[in-house]
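In: structure of the sequence below:
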Amino acid sequence: MTKIIDISIDDSNLPPPTPEIEQERKVAVFDLLEDNSFVLPDPDGKGIPPGPYKLNLAIRDRRLVFDIRTEADAPAGEFHLSLGPFRQVVKDYFQICESYFDAVKTAAPSQIETIDMARRGIHNEGARVVQERLEGKAELDTDTARRLFTLICVLHWGG
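Out: Got it, this is the predicted structure:
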């Protein structure tokens, strides 16, 4: 099975999330566990353990860390990615989300729909960055990348 079956987010050093951020996190984790595609390639034939996998996401030393383990909790891989390529798209995503959450309270449906389309566009851009940064390390589909981008945003919230 080439999928993630458990996900944890090490947010122990982060400030508490807002209710909106916490809701985004819960939905992303739920959706990710319901349906995802996550494959660790083995181009060198080193015998990377097959999935399913457990994933722990964290920010350590200003780097995004993907700690991947097997179902039996044996190490399967660990990637340390620079946060730099994520910063602008995460910032843009938070700004559009704030606009969206504000609009939902008072704006006309057409305005909400316009903001939501922009939000989805930025979210897709974030997913593309996730896929680029994981190229050669992990293979994932667009929906999995979108959900991981949401979780990366949650980690950036306090980063």
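In: moving C-terminal of the longest helix along the chain, what's the next helix or strand?
Out: Longest helix in the chain, counting residues (DSSP state H): helix 109-133. Per DSSP states H and E, the first helix or strand lying C-terminal to helix 109-133 is strand 139-140.
In: avg pLDDT for that next one?
Out: Averaged across strand 139-140, the pLDDT comes to 94.
In: same check on stretch 105-116?
Out: 93.
In: buried sites along that stretch?
Out: Ile112, Ile115 (16 or more other Cβ atoms under 10 Å). Backbone N, C-alpha and C define where each C-beta goes, glycine included.
In: tell me how far it lies from the chain's centre.
Out: 25 Å (Cα atoms, centre = their mean, to the nearest Å).
In: equivalent analysis for stretch 19-36, please.
Out: With Cα atoms, centre = their mean, you get 10 Å for stretch 19-36.
In: list the buried ones in that stretch?
Out: Ile21, Glu24, Arg25, Ala28, Val29, Leu32, Asn36.
In: out of these, which comes closest to Glu113?
Out: Glu113 lies nearest to Glu24 out of the buried residues of stretch 19-36, by Cβ to Cβ, at 19.0 Å.
In: and what about that closest one, helix, strand or coil?
Out: helix (DSSP: H, G, I helix; E, B strand; the rest coil).
In: right, and it touches Thr150 too?
Out: Yes: judged on Cβ atoms under 8 Å, Glu24 makes contact with Thr150 at a distance of 5.7 Å.
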